[in-house]
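Trainee: Give me coordinates for this.
(one chain, ligands or ions: 1)
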Amino acid sequence: LGIYLDGLTGAKPELPLTYSDLEARAGEVMDPELLDYVAGGAGDEHTQRANVTAFHRWGIVPRMLAGAAERDLSIELFGRRYPTPLFMAPIGVIGVMHESQHGDLEVARAAAASGVPAVISTLVQDPMETVAAELGDTPGFYQLYTPNDRELAESFVRRAEAAGYAGIVVTLDTWSLGWRPRDLRHATFPQLRGLCLANYFSDPVFRSRLEKTPEEDLGAAAIAWAMTFGNPGLSWDDIEWLRGLTALPVLLKGICHPDDVRRARDGGIDGIYCSNHGGRQAASAPAIDFLPAVVEAAEGMPVLFDSGVRSGVDVVKALALGATAVGIGRPYGWGISLAGAAGAHHVLQCLLAEADLTMGLNGYRSIADLTPEVLVRTV
Ligand code: FNR
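Mentor: Residues are numbered from 1 along each chain as shown. Below you'll find the predicted structure:
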């Protein structure tokens, strides 16, 4: 209503309200190689498109006169109440997506302003401690890309604990970069130019492995990063080791199969993060298609979900299919590119407003009301 009232005086929203408009507007301000890095994905990009269209195969069943004028969209996660069911998924290059070159700090400020937690990537332009200092009262989660050097992995976890992160999200699907034709065509991606490697360059263990400091030889430090990042041998043994390292909640990102869920649960993991990395890593089925079986196998353990969420309606559908919290990737990334923290905040508010209205108009008052029966298969 506020937007329509403003419109009476001729004022129109400054930032786009839909995903396609956001992406198009970001395309006008971003460096083309970076734009391709963010917008693109694995192979023929069918998976990232399917992630989005899969949501359209579900419809919401409306209920009338259900007294849904007041809604409660809050959720509980690891013993803490959050005002919304959204979170910001880790985006490794977000530091350089904002003109300040400190997009990570803008993400943290958006989290502080909105109460929407952010999962902060290992690949940031500012060290994790500096990012954490901007999070205000909103918890942040630290996303770990497990390097092939355990001492370095442990150093990252210790730093995350000391910086006050509320949990460790271990990404499993990126032990090698996916086949990404857009980046291959440009023959570049940001980290090889030494970008978003602040966690490594500030790390005593990483620095101890170098002959010259990153300040003296950026190129050699970036190559050293590439050598430690790839971790084809990453295994359940590593997960067991990581689990034993910290008292923080540990979540596994990229889990889509019920057997993997059960193995994680048996190994003392605290949360599952069902995702196909926004179709950037390997071709797969749409991530949302995996969610019901993952939720069933999780037997009450929290299940975070991302990949393909583009609207508030998608948020409602993911919740109805059992997600505990719903992750947003590229949409808030475009918001950061366009207007920093205010841009991400705007994107989150639009998603929330639409989710809230969708629930209300369809007669659902709280997230507890969003069960699988709320959805009907339309195709
Ligand atoms: C990502 N993603 C990601 N995931 C992760 O665990 N660590 C990371 O550093 C990154 N980096 C990254 C960069 C960029 C440019 C994008 C777009 C994505 C994946 C991300 O967390 C999430 O899984 C997807 O973005 C979700 O899909 P949508 O919302 O983008 O469709």
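Trainee: Excluding chain neighbours, what is closest to the residue in the chain that the ligand sits nearest to?
Mentor: Residue of the chain nearest the ligand, by CB to the nearest ligand atom: Gly329 (2.2 Å). No exception for glycine: its C-beta is placed from N, CA and C like everyone else's. Among residues not flanking Gly329 along the chain, Ala89 sits closest, at 4.4 Å (CB to CB, 6 or more residues apart in numbering).
Trainee: who's in contact with the residue of the chain closest to the ligand?
Mentor: Neighbour list for Gly329: Ala89, Ile91, Gly278, Asp306, Ser307, Val309 [criterion: CB atoms under 8 Å, 6 or more residues apart in numbering].
Trainee: The fourth one: what's its closest spatial neighbour, skipping adjacent residues?
Mentor: This means Asp306. Closest residue in space to Asp306, ignoring its immediate chain neighbours: Gly327 at 3.0 Å, by CB to CB, 6+ apart.
Trainee: what's the spacing between the residue most central in space within the chain and Arg263?
Mentor: Residue closest to the average C-alpha location in the chain (CA atoms, centre = their mean): Ala89, at 1.0 Å. To Arg263, Ala89 is 23 Å away according to CB to CB, to the nearest Å.
Trainee: tell me which parts of this protein are close to the ligand?
Mentor: For the chain, the contact set with the ligand under CB under 6 Å from any ligand atom comprises 37-38, 51, 89-93, 121, 123, 143, 171, 253, 275, 277-278, 280, 306-309, 328-330, 333.
Trainee: Which SSE is immediately downstream of the strand or helix carrying the residue nearest to Asp306?
Mentor: Following DSSP states H and E, one finds Gly327 within strand 325-328. Per DSSP H and E, the first helix or strand lying C-terminal to strand 325-328 is helix 330-362.
Trainee: and the helix or strand just after that following helix, average pLDDT?
Mentor: Downstream of helix 330-362, the first helix or strand assigned by DSSP H and E is strand 375-377. Here strand 375-377 scores 97 as its mean pLDDT.
Trainee: in strand 375-377, what's buried?
Mentor: By neighbour count with 16 or more other CB atoms under 10 Å, strand 375-377 contains the buried residues Leu375.
Trainee: Okay, now the sheet partners of it, with direction.
Mentor: Using DSSP bridges, strand 375-377 pairs in its sheet with strand 58-60 (antiparallel).
Trainee: and the partner strand, what's its mean pLDDT?
Mentor: 98.
Trainee: cool, stretch 127-139 as well?
Mentor: Stretch 127-139 shows a mean pLDDT of 98.
Trainee: List the buried residues for that stretch?
Mentor: Of the residues in stretch 127-139, Pro127, Met128, Thr130, Val131, Ala132, Glu134, Leu135, Thr138, Pro139 count as buried by neighbour count, 16+ other CB under 10 Å.
Trainee: ok, how many other residues are close to the residue lying closest to Gly167 once chain neighbours are set aside?
Mentor: Distances taken as CB to CB, 6+ apart put Pro249 closest to Gly167, at 3.9 Å, once the chain neighbours are dropped. By other CB atoms under 10 Å, the residues close to Pro249 number 18.
Trainee: mind listing what Pro249 touches?
Mentor: Contact analysis of Pro249 by CB under 8 Å, 6+ apart lists Phe78, Ala166, Gly167, Ile168, Asp270, Gly271.
Trainee: again, 10 Å this time
Mentor: Shown in contact with Pro249 (CB atoms under 10 Å, 6 or more residues apart in numbering): 77-79, 141, 165-169, 269-271, 302.
Trainee: Export the residues you listed as JSON lines, with columns for secondary structure and neighbour count.
Mentor: Putting the contacts of Pro249 into JSON lines (DSSP: H, G, I helix; E, B strand; the rest coil; neighbours: other CB atoms under 10 Å) gives the following:
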{"residue": "Leu77", "secondary structure": "strand", "neighbour count": "20"}
{"residue": "Phe78", "secondary structure": "coil", "neighbour count": "16"}
{"residue": "Gly79", "secondary structure": "coil", "neighbour count": "7"}
{"residue": "Phe141", "secondary structure": "strand", "neighbour count": "26"}
{"residue": "Tyr165", "secondary structure": "coil", "neighbour count": "24"}
{"residue": "Ala166", "secondary structure": "coil", "neighbour count": "18"}
{"residue": "Gly167", "secondary structure": "coil", "neighbour count": "22"}
{"residue": "Ile168", "secondary structure": "strand", "neighbour count": "24"}
{"residue": "Val169", "secondary structure": "strand", "neighbour count": "26"}
{"residue": "Ile269", "secondary structure": "coil", "neighbour count": "22"}
{"residue": "Asp270", "secondary structure": "coil", "neighbour count": "17"}
{"residue": "Gly271", "secondary structure": "strand", "neighbour count": "24"}
{"residue": "Pro302", "secondary structure": "coil", "neighbour count": "20"}
